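**Student:** Structure of the sequence below:
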Amino acid sequence: MKKLFVVLLALCLLLCPAALADSEITVQGTGTVRTAPDIAVIALGAEESGEDVSSIQAALNARINAIIAALTGEGGIAEEDVQTGNYSIYRRYYDDYGNPTKDYVASCTLNITVRDVEKAGGVIDTSFAAGANRLDNVSFGVEDDGSLADKALELAVADGIHRAQVIANAAGLTLPAAPERITESGEINYYSNVTRASAFDEAGPAGGTTIMGAMVKITATVTVTYEIKD
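**Tutor:** Numbering: from 1, shown residues only. The predicted structure follows:
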């Protein structure tokens, strides 16, 4: 009988850790804050093509310098808010129609920060009037986003706790008073959409450019884990 008891005790020691292991409820919580943008970043510039590199580079530089002068002059943009995003010169072996060509292409993009969103369309018009012939992108954001990011993170934690409680209630479990751990899942993300209402041709915008920016969404995600004691 004594040997049987020892065997049963040994089996219990082997099996009990698995049987009595704590269960976990792990969920993701998401928090989103929406706000109107207070800055716009416009990527535009100029492009020149031809067989002589020096000529097209000189023409491109003249265009870019004229654009910068117009923006920092009548456009009212501070010099520090105009930055070169990309400058390239490359050989183009085929034109847009697939025909062989000996052209070189010189291209320069400026990133322009506009601190009055309503003036974004006017900045584009000013740039094209000064010689710009390409518009690559318009994006919107919030310059001082610290408090908004904090709020998104706070909402994400509350959402995670709520989701865990819903799961626990459905399973007939009782959650501890506080989560075992909360982990921020990656970076806080920013989303914005823009609709540009304008007709463009080789000469630039046809009439005034209207820029309509969507609300900026700041989203945070966290992982919330509760340990459920058996």
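
**Student:** Sketch out the strands for the protein, chain order is fine.
**Tutor:** 23-35, 39-50, 82-91, 104-114, 134-141, 181-184, 189-191, 194-201, 204-213, 216-228 (DSSP state E).

**Student:** Switch those strands over to TSV; also include mean neighbour count and distance to Ala58.
**Tutor:** Where you see a C-beta, it was placed from the backbone N, CA and C, and this is true even at glycine. Below are the strands of the chain laid out as TSV (neighbours: other C-beta atoms under 10 Å; distance: least, C-beta to C-beta, whole Å):
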stretch	mean neighbour count	distance to Ala58
strand 23-35	16	45
strand 39-50	20	9
strand 82-91	13	12
strand 104-114	21	9
strand 134-141	18	18
strand 181-184	14	51
strand 189-191	14	39
strand 194-201	12	25
strand 204-213	16	21
strand 216-228	20	40
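
**Student:** And Thr174, how far from Ala149?
**Tutor:** 33 Å (C-beta to C-beta, to the nearest Å).

**Student:** Distance from the lengthiest helix in the chain to the middle of the chain?
**Tutor:** The longest helix of the chain (DSSP state H) is helix 146-171. Relative to its chain's centre, helix 146-171 lies at 22 Å (C-alpha atoms, centre = their mean, to the nearest Å).

**Student:** cool, stretch 113-121 as well?
**Tutor:** On C-alpha atoms, centre = their mean, the centre of stretch 113-121 falls 19 Å from the chain's centre.

**Student:** Which residues are in contact with Met37?
**Tutor:** Heads up, residue 37 is Pro, not Met. Pro37 sits next to Val117, Phe140, Gly141, Val142, Ser192, Gly213, Met215, Val216 when contact means C-beta atoms under 8 Å, 6 or more residues apart in numbering.

**Student:** what's the domain layout of the chain?
**Tutor:** Domain ranges of the chain: 21-37+143-230, 39-141, per automatic domain parsing.

**Student:** For the ones you listed, which has the smallest mean pLDDT value?
**Tutor:** Among those, domain 21-37+143-230 has the lowest mean pLDDT, at a mean of 82.

**Student:** bridging residues for Ala46?
**Tutor:** With DSSP bridges as the criterion, Ala46 is bridged to Cys108.

**Student:** thought it was touching Ala132?
**Tutor:** Yes: shown here, Ala46 and Ala132 form a contact pair, counting by C-beta atoms under 8 Å, at 5.5 Å.

**Student:** Done for today, thanks.
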